[in-house]
Every structure is written in structure tokens, then in C-alpha cells.
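Colleague: Fold the following for me, if possible:
(one chain, ligands or ions: 2)
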Amino acid sequence: MTAPEYSLRDGNRIPAIGLGTYGLNEEAGVEAIVSGIADGYRLIDTAYNYGNEEVVGEAIRRCGVDRSDLVITTKLPGRHHGFDETLASLDESRHRLGLDWVDLYLIHWPNPRIDKYVDSWRAMIRLREKGLVRSIGVSNFTAEMLERLERETSVVPVVNQVELHPYFPQEELRAYHDEHEIRTESWSPLAKRTELLKEPVVTAIAAEHGVSPAQVVLRWHVELESVPIPKSAHAERRRENFDVFSFSLSGDEVEAISALSRGRLSGGDPDSHEEF
Ligand SMILES: NC(=O)C1=CN([C@@H]2O[C@H](COP(=O)(O)OP(=O)(O)OC[C@H]3O[C@@H](n4cnc5c(N)ncnc54)[C@H](OP(=O)(O)O)[C@@H]3O)[C@@H](O)[C@H]2O)C=CC1
Ligand SMILES: O=C(O)C(=O)[C@@H](O)[C@H](O)C(=O)CO
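Modeller: Ligands and ions are numbered 1, 2, ... in the order given. Predicted structure coming up:
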């Protein structure tokens with residue numbers, strides 16, 4: 001079984017859950033991704049900076065699922081911001097992935113101090129026009145940065161992938177995304193397995209539904225209509241994480257989980273973080 005999908009503002013489609021791959025490396029990483037795809041994941045999230053684009057590419061070749069049924073995301077690193085640098089960086093990523101095209105290409109971090117993300121965005125528009133990427137989006141952008149892209153290029157990202165979990169529900173940014181038809185993606189959706197999965201409100205709702213705490217948290221993302229991309233190196237957990245479409249949470253349950261809000265996990269403020 002595969003996951004339900006959303007339409008993006010450019011007409012392409014994105015599954016309602018994806019597989020994070022940060023830390024999935026070497027042969028074990030290939031096998032983890034192949035097994036994730038066999039279990040239904042179709043959206044795979046990597047980045048130039050994860051150093052595992054070859055691993056993802058090998059998994060794509062081995063998995064036996066049609067390339068056109070997969071949604072492969074990679075991301076532009078901070079040190080490649082700039083128009084020409086962005087074009088060259090995507091070539092490198094495609095080469096390592098072994099792909100003619102990337103489905104979703106994101107600017108990984110805005111790196112506002114060097115202030116070149118608009119130049120990179122113009123290059124991404126060009127890459128989409130050339131058919132080398134199907135959809136273009138960003139990651140870790142604030143509403144002000146999204147406004148600027150629209151003001152200066154008239155092209156709105158289809159996705160903004162941001163830190164999002166019950167400790168950091170991002171209400172304001174999600175409202176901005178909804179107004180501008182930008183799909184939210186949640187990174188570290190399980191809050192990197194911190195104490196979140198032991199929070200009494202999460203464990204009580206899990207017991208009520210007969211599911212695991214991780215499933216409650218991932219279903220919370222689905223109720224918010226944000227696309228979570230949990231990572232697990234373990235097959236059982238990947239299957240558990242994917243299995244969140246046969247139950248739902250009430251509005252009160254969603255609110256109770258959102259009340260865990262307390263802020264970012266650590267660092268990672270888009271206004272100051274400078275990504276390599
Ligand atoms: N755009 C960006 O700036 C960023 C993007 N990302 C993307 O988001 C993905 C996910 O984020 P990540 O930071 O990995 O954090 P997650 O919130 O996905 O948590 C991953 C951790 O949770 C554990 N885990 C996974 N499933 C379960 C489960 N069912 N029960 C208990 N523990 C579980 C994993 O352990 P184990 O593997 O041992 O199972 C791992 O330690 C990344 O892989 C990456 O693709 C992440 C950070 C920033
Ligand atoms: O994993 C990513 O996509 C990142 O951007 C990392 O920098 C992430 O923030 C992290 O976990 C750094 O340890």
C-alpha cells in the first residue's frame with residue numbers, strides 16, 4: 001500500500017509521508033531505503049550535505065519500483081548558493097543520484113548573511129524550465145524570506161521543509177503556507193526521538209487508539225496536513241511510522257498534542273544559521 005498524496009501548486013503530487021535518510025549510509029543505508037520503498041514509501045528525502053546521494057541512487061536502481069512513481073528530494077548546500085553555483089550543484093547531485101531529473105529540489109538553508117538565496121532561486125526556476133527538476137521549493141525559510149522570493153521572482157516555492165513537531169508546531173508559518181498554497185514538510189517530525197515519545201499526553205492517546213506514541217505523533221502531522229519525513233534505520237519502525245492512515249485524531253487530541261509547544265530542539269534558527 002502507498003500513502004495518500006497531495007497536489008502541489010505546480011500540479012505535481014507529493015505523498016503524505018516520506019522517508020528521511022540523514023544517517024542512512026553505505027550498504028545498510030541502501031538496504032534500509034530499498035526496504036522502505038517495498039513497505040510503501042515513495043517520497044525519499046536526501047541532501048547534497050548528507051553525503052548519501054549515491055546510496056539513495058543505488059536504492060532507486062535496486063528497488064524495482066518505477067522511477068516515475070518515486071518522489072526524490074535533494075537539497076542545495078549553503079556553500080553552493082549563487083546562480084551558476086546552483087546549476088553546477090544540481091548537476092553534481094544528479095550525477096551522484098544517477099538520475100536524469102530530481103522530483104523536488106530545495107534550497108537547504110537560506111544563509112541570509114551571504115544573501116544569495118534569490119540568485120539560487122532564479123537558477124532553480126531555470127532548472128525547472130529545463131526539465132532537470134520537476135518541482136522547486138525551499139527549506140528553513142521564514143515567511144519574510146518566502147515573501148521576498150515571490151516579490152523578486154514572482155515564483156512561489158511549492159514546499160517549505162521546516163523543523164516541525166509537537167514541541168515546535170509552527171502555527172504562524174503554517175498559516176502563511178496555507179494562504180500561499182505552499183505545502184509544509186516536517187523535518188525531525190519525531191523531535192529526533194527525544195522525550196517526546198514519553199510525554200503522558202502522547203502515550204495516553206496512543207493507548208486510547210491502540211497504536212504507538214510515534215504513530216500518534218506522525219498522525220498529528222497528517223492531521224495538520226504537513227508531510228512528515230521520519231528517519232529510521234530499523235525496518236519495524238519504518239513500517240510502524242508509515243502505518244498512520246487507518247486511524248485519526250480528534251480536534252481535541254490534536255490540540256492537546258500541540259499544547260506541548262515549547263520551541264526549537266536546538267539552534268537551527270533560519271535567521272542566523274549558516275549552513276556549510
Ligand atoms: N531540511 C533540514 O534542514 C533538515 C531535514 N531533515 C530531514 O528530516 C529527516 C528526519 O529527521 P531526523 O532529524 O532524522 O529526526 P526524526 O524526528 O525522524 O527522528 C529520528 C530518530 O527517531 C528514531 N525513531 C524513528 N522512528 C521511531 C519509532 N517509531 N520509535 C522510536 N524511535 C524512532 C530513530 O532511530 P533509529 O534510526 O535508530 O530507528 C532516530 O533516532 C532526516 O533524516 C532528514 O531527511 C532533518 C533535519 C534538518
Ligand atoms: O539534517 C539536515 O538536513 C540539516 O540541515 C542538519 O544540519 C541538521 O540540522 C542537523 O541535524 C545537524 O546536526
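
Colleague: what's around whichever residue of the chain sits closest to ligand 1, how many residues?
Modeller: Closest residue of the chain to ligand 1, CB to the nearest ligand atom: residue 20 (2.5 Å). C-beta here means a position set from N, CA and C on the backbone, and glycine is covered the same way. Neighbours of residue 20 under the rule other CB atoms under 10 Å: 24.

Colleague: residues contacting it?
Modeller: Neighbour list for residue 20: 45, 187, 229, 230, 231 [criterion: CB atoms under 8 Å, 6 or more residues apart in numbering].

Colleague: what does this structure put close to ligand 1?
Modeller: Applying CB under 6 Å from any ligand atom, we find that the chain lies next to ligand 1 at 20-22, 45, 108, 139-140, 161, 187-193, 197, 214, 229-234, 237, 240-241.

Colleague: Can you list which of those residues are found in helices?
Modeller: 214, 237, 240, 241 (DSSP state H).

Colleague: between the residues you listed, which has the most around it?
Modeller: Ranking these using other CB under 10 Å puts residue 241 first, with 27 neighbours.

Colleague: Distance of it relative to ligand 2?
Modeller: 17 Å (CB to the nearest ligand atom, to the nearest Å).

Colleague: Let me know the pLDDT of that residue.
Modeller: What the model reports as pLDDT for residue 241 is 98.

Colleague: now it, nearest residue through space, not along the chain?
Modeller: residue 230 (4.6 Å; CB to CB, 6 or more residues apart in numbering).

Colleague: What's the local residue count around that neighbour?
Modeller: By other CB under 10 Å, the residues close to residue 230 number 26.

Colleague: I figured it hits residue 24, correct?
Modeller: No. Using CB atoms under 8 Å, residue 230 makes no contact with residue 24, being 12.0 Å away.

Colleague: which ones are touching residue 181?
Modeller: 9, 156.

Colleague: quick one: what helix or strand has it in it?
Modeller: Assigned by DSSP states H and E, residue 181 belongs to no helix or strand.

Colleague: Could you do residue 208 as well?
Modeller: Counting by DSSP H and E, residue 208 is found in helix 200-209.

Colleague: Residues in contact with that helix: which ones?
Modeller: 166, 196-197, 212-213, 215-217, 247, 249, 253, 256-257, 259-260.

Colleague: contacting residues around residue 128?
Modeller: Residue 128 is in contact with 105, 134, 135, 136, counting by CB under 8 Å, 6+ apart.

Colleague: Which of those ranks first by neighbour count?
Modeller: residue 105 (28 neighbours).

Colleague: Tell me the bridge partners for that one.
Modeller: residue 74, residue 136 (DSSP bridges).

Colleague: residues touching it, list them.
Modeller: Here residue 105 is in contact with 73, 74, 75, 76, 90, 124, 127, 128, 133, 135, 136, 137 (CB under 8 Å, 6+ apart).

Colleague: try residue 180
Modeller: With CB under 8 Å, 6+ apart, residue 180 has these contacts: 146, 150, 156.

Colleague: May I have the phi/psi pair for it?
Modeller: Torsion angles at residue 180 (phi, psi; degrees, to the nearest 10) stand at phi -110, psi 10.

Colleague: how close does it sit to residue 71?
Modeller: 21 Å (CB to CB, to the nearest Å).

Colleague: got it, and residue 231?
Modeller: From residue 231 to residue 71 the distance is 16 Å (CB to CB).

Colleague: State the phi and psi torsions of residue 227.
Modeller: Backbone phi and psi, for residue 227 under degrees, to the nearest 10, turn out to be phi -90, psi 110.

Colleague: And for it, nearest residue in space, chain neighbours not counted?
Modeller: Here the residue nearest residue 227, using CB to CB, 6+ apart, is residue 185, at 4.5 Å.

Colleague: Does that neighbour touch residue 230 like I think?
Modeller: No. Judged on CB under 8 Å, residue 185 makes no contact with residue 230 at a distance of 11.6 Å.

Colleague: May I ask which helix or strand encompasses the nearest residue to residue 53 once chain neighbours are set aside?
Modeller: Ranked by CB to CB, 6+ apart and with sequence neighbours excluded, the top spatial neighbour of residue 53 is residue 96, at 3.9 Å. Assigned by DSSP H and E, residue 96 belongs to helix 83-97.
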